[in-house]
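1. Just to be clear, the model below is a prediction. Sequence and coordinates:
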Amino acid sequence: MRIPFFYRERMNVKKILQRSRVRRSFLKIVTAAILLLSGTSRPASACACGCGVFNVGTRWMMITGTGLRVFFQYSYMDQNRNWSRLSLAESSFNNDKEIRTSFYTLGFQYMFDRDWGIMGQFPYWDRYFNTIDNFGAPVSVDHKAIGDVRLLGMYTGFSPDMSKALLFGVKLPTGPTNLSIMDRDTQIGTGTTDLLLGGYHAAQLDYWGWYLQIMWRHALNTYQDYRPGDSYNMALGFHYDSFLQDSSGEDKYKFTPIVQLIASIRNRDSGANSDPSNTGFQRLYVAPGFEIDLKNNWQLYGEVQVPVYTLVNGYQLVALLLFNASISYHF
């Protein structure tokens, strides 16, 4: 039986459409496979700054009297090791190669009375950043700028000796977020207003003492599709107070050796401009240090933080040592 012409044409069109759908499906599969392979083989670009760790562990920040105290703090970290989970990783898996930062912080504390006070921290960052651009070429930049300012209130009225305190305040979006080359997680500023909540407790028995400090940071908003993960920093310190006397038998200055355990946790960043796969970490440091109290109200402090446990998500740059020093004057 002869098939009419218009039926043959309909059958031919149907076959053509079926072949076209097969081709499109095949192209979609190939395209998805290429994108998947390229996505899994693309090196990450992320760091694990964790500079909030410098905001706990300083013993003189625990108030012991009324009045004004001004301070200058210098902190330093050189993130030059690519890390994944619990161990060192090949540098080729991370486009970022080095992030070297000096933090200069000028601040003050003022206690109105033995119950209430305020604190301000005004940071200035000098950050060197070395990475691989989209064309595979090494590029670097050195940016200097004011960082995110911190303003805190303090309540120390829980006990007569002011050994317990509640800290509460905000981190303001004063730092830049559009510096060249840098991704959002390596910028000097986050662009967000963050809630700060923490506290401390100190105890003394003769010349021996210990203290616990905690600080939590939580972003209250998202800025340009970026939201930094919450951070939690805690310091548990032990110290021994010793005094050097002059020829008359009076105390010349107090020298206090200190050893601390400092824990730092940061959740993953979120938002379209974040990199949640390569942000977020857990760290534990041992920090030996010292404090010197001079008779004329000056105080010196220094420490070295040595990481003993580091767990990061994805691939991130970490520092082998962190340094922190400060000088303060109590009026």
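-> Yes, it's here.
2. from memory residue 89 sits against residue 310, does it?
-> No. Contact criterion C-beta atoms under 8 Å: residue 89 and residue 310 do not qualify, at 11.6 Å. The way it works is simple: take the backbone N, C-alpha and C, and place the C-beta from them, glycine included.
3. Got the domain ranges for the chain?
-> Per the record, the chain has its domains at 1-42, 48-330, by automatic domain parsing.
4. Could you dump those into CSV and include mean pLDDT and mean neighbour count?
-> Compiled in CSV, those are given as follows (pLDDT from 0 to 100; neighbours: other C-beta atoms under 10 Å):
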stretch, mean pLDDT, mean neighbour count
domain 1-42, 45, 9
domain 48-330, 92, 17
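5. Give the bridge partners for residue 145, please.
-> Here residue 145 sits in beta bridges with residue 125, as judged by DSSP bridges.
6. so how far is residue 129 from it?
-> Remark: distance between residue 145 and residue 129 (C-beta to C-beta, to the nearest Å) = 12 Å.
7. could you say what helices and strands the helix or strand harbouring residue 168 packs with?
-> Element membership of residue 168 [criterion: DSSP states H and E] is strand 164-171. Packing partners of strand 164-171 (3 or more C-beta pairs under 8 Å, 6 or more residues apart in numbering; DSSP states H and E): strand 150-155, strand 194-205.
8. mind running it again at 10 Å?
-> strand 116-132, strand 150-155, strand 194-205, strand 208-219 (3 or more C-beta pairs under 10 Å, 6 or more residues apart in numbering; DSSP states H and E).
9. Each with direction, which strands does the third one pair with?
-> Here the strand partners of strand 194-205, with direction, are listed using DSSP bridges: strand 164-171 (antiparallel), strand 208-219 (antiparallel).
10. To residue 322, which of those strands lies closest?
-> When the strands paired with strand 194-205 are compared by C-beta to C-beta, strand 208-219 sits nearest residue 322, at 16.2 Å.
11. report the angle between the axes of the closest one and strand 150-155?
-> 130 degrees (axes from the mean of the first three to the mean of the last three C-alpha atoms, to 10 degrees).
12. quick revisit: any idea which of the helices and strands packed on strand 164-171 gets closest to residue 56?
-> Of all the helices and strands packed on strand 164-171, strand 208-219 sits nearest to residue 56, with 4.5 Å by C-beta to C-beta.
13. now for the helix or strand that the closest one is followed by, which elements pack on it?
-> The element immediately downstream of strand 208-219 (helix or strand, assigned by DSSP H and E) is strand 231-240. Applying 3+ C-beta pairs under 10 Å, 6+ apart, we find strand 231-240 packed against strand 194-205, strand 208-219, strand 251-266, strand 281-294.
14. Distance to residue 164 added to these, as a markdown table?
-> A markdown table is the format used below for these (distance: least, C-beta to C-beta, whole Å):
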| stretch | distance to residue 164 |
| --- | --- |
| strand 194-205 | 5 |
| strand 208-219 | 10 |
| strand 251-266 | 19 |
| strand 281-294 | 20 |
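15. any idea how far residue 55 is from residue 72?
-> Taken as C-beta to C-beta, the span from residue 55 to residue 72 is 15 Å.
16. do residue 231 as well
-> In terms of C-beta to C-beta, residue 231 sits 24 Å off from residue 72.
17. which strand in this structure runs the most residues?
-> strand 298-330 (DSSP state E).
18. Does that one pack against any helices or strands, and if so which?
-> Strand 298-330 sits against strand 67-85, strand 87-88, strand 98-111, strand 251-266, strand 281-294, with contacts defined as 3+ C-beta pairs under 10 Å, 6+ apart.
19. residue contacts, residue 200?
-> By C-beta atoms under 10 Å, 6 or more residues apart in numbering, the contact list for residue 200 reads 56, 59, 61-63, 154, 156, 163-167, 211-215, 235, 237.
20. One more pass at 7 Å, please.
-> By C-beta atoms under 7 Å, 6 or more residues apart in numbering, residue 200 lies in contact with 62, 165, 211-213.
21. rewinding a little: overlap of the contact sets of residue 89 and residue 310?
-> Common neighbours of residue 89 and residue 310 (C-beta under 7 Å, 6+ apart) are residue 83.
22. okay but residue 232 is in contact with residue 218, surely?
-> No. Assessed by C-beta atoms under 7 Å, residue 232 is found out of contact with residue 218, at 9.7 Å.
23. which residues are contacting the strand holding residue 168?
-> 62-63, 148, 150-156, 158, 193-201, 217.
24. phi, psi of residue 53?
-> With angles defined as degrees, to the nearest 10, residue 53 sits at phi -70, psi -20.
25. Sorry, wrong one. I was asking about residue 92.
-> Taking degrees, to the nearest 10, you get phi -70, psi -20 for the backbone angles of residue 92.
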